[in-house]
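In: how would this look folded up:
(one chain, ligands or ions: 2)
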Amino acid sequence: MDMPIMDQAAPGRIEERPLGQSFGAELVGLRIAGDLPEDEFAAYLDAFHRHHLLLVRNVPFDPGAHVAFSRRMGPLELHSQTRFTLDTHPEIFCVGNHTVDGVLKANFARGVEQWHADSSYREIPSAASLFYGVICPPEGGETWFIDAAGAYADLPEETKAGIDGLRTVHSLATLAEWGRRHNPDRPPLTEEQTSKWPPVSQPLVRTHPVTGVKSLFLCPAVISHVEGLDPEASRALIDGLMAHASKEKYIYRHQWREGDLVIWDNRCMLHTATLFDHEKYQRLMHRTTVAGA
Ligand code: OGA
Ligand code: MN
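Out: Ligands and ions are numbered 1, 2, ... in the order given. Sure thing, here's the model as predicted:
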């Protein structure tokens, strides 16, 4: 008879270990594969909606399984920067400073924190992202997450009433300007990108389609303005809400180990990359992005 091993959940049973202060759990025993039985997948989705962020450790490197599992959650985005997607799996977008024969193979952003939810500049933004550590620096290069639902819930009632119906304009051009301020060697947006991704209107307070929970949809580097407000008032409102949401009590910092898969719910969380010593270390992350408002 097989003896149970300490660090493994019993077959079919997935163990949940809380991670952050108000959200996030490590799942032990979840297999990342496209053919996960329906009941196991339903249990996983249930955990996802309760915790908003899930970590699975020691996931074997398998882009095909990463894509197949991700697709169970919904249609996958194809990223606009095809030079950083995998030839074999175009649904996988590479992030980091990884170079092969001197050629950069991943999207590398050098800059300060930039809180966002993925793909907010698309008409249909992203519901969830699945981010996998292929090569992780031993220090730095953490990803930080904000409980945007908790931050909204704690606002004074009059602030909630004042912002509930507001809409913001998210623009790839605004993001590109921000990117070029921090990475002057980046090429400007092409005509094709500008026409393919025109500015879009998004709610400032996002309502989760499954849980009904409201959260702050803040992407300071992507939002050009709040509709109906002048640029200064827009900036002041966004910056004020961002200062509130980025308080320590809403944050979870993930320090990556190779083989980590972190799955987060863009519909109630914000996140940002952080710096690392990119001259000393390589970093390569694989991201799939599930579309959904
Ligand atoms: C992203 C992202 C975070 C990181 O790829 O969308 O936010 O830590 N990455 O690289
Ligand atoms: Mn992101």
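In: what's residue 185 in contact with, if anything?
Out: Listed by Cβ atoms under 8 Å, 6 or more residues apart in numbering, residue 185 has no contact partners. Backbone N, C-alpha and C define where each C-beta goes, glycine included.
In: roughly how far apart are it and residue 108?
Out: From residue 185 across to residue 108, the span is 10 Å (Cβ to Cβ, to the nearest Å).
In: how about the residues of this structure that lie near ligand 1?
Out: When proximity is defined as Cβ under 6 Å from any ligand atom, the chain approaches ligand 1 at 95, 118, 143, 271, 273, 285, 287.
In: Could you pull out the strands in the stretch 1-150 of the chain for me?
Out: Secondary structure of the stretch 1-150 of the chain (DSSP state E, counting those that start in this stretch): strands located at 15-18, 25-28, 53-56, 93-96, 99-100, 103-104, 126-135, 143-147.
In: Average pLDDT for the fourth one, rounded please.
Out: Read that as strand 93-96. Computed over strand 93-96, the mean pLDDT rounds to 96.
In: Closest residue of the stretch 1-150 of the chain to ligand 1?
Out: Taking Cβ to the nearest ligand atom, ligand 1 has its nearest neighbour within the stretch 1-150 of the chain at residue 143, 3.6 Å off.
In: Test my guess that that residue contacts residue 271.
Out: Yes: if you go by Cβ atoms under 8 Å, residue 143 and residue 271 touch, sitting 5.8 Å apart.
In: Could you export the strands of the stretch 1-150 of the chain as TSV, including mean neighbour count?
Out: Listed next are those as TSV, based on neighbours: other Cβ atoms under 10 Å:
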stretch	mean neighbour count
strand 15-18	13
strand 25-28	19
strand 53-56	23
strand 93-96	23
strand 99-100	11
strand 103-104	11
strand 126-135	22
strand 143-147	23
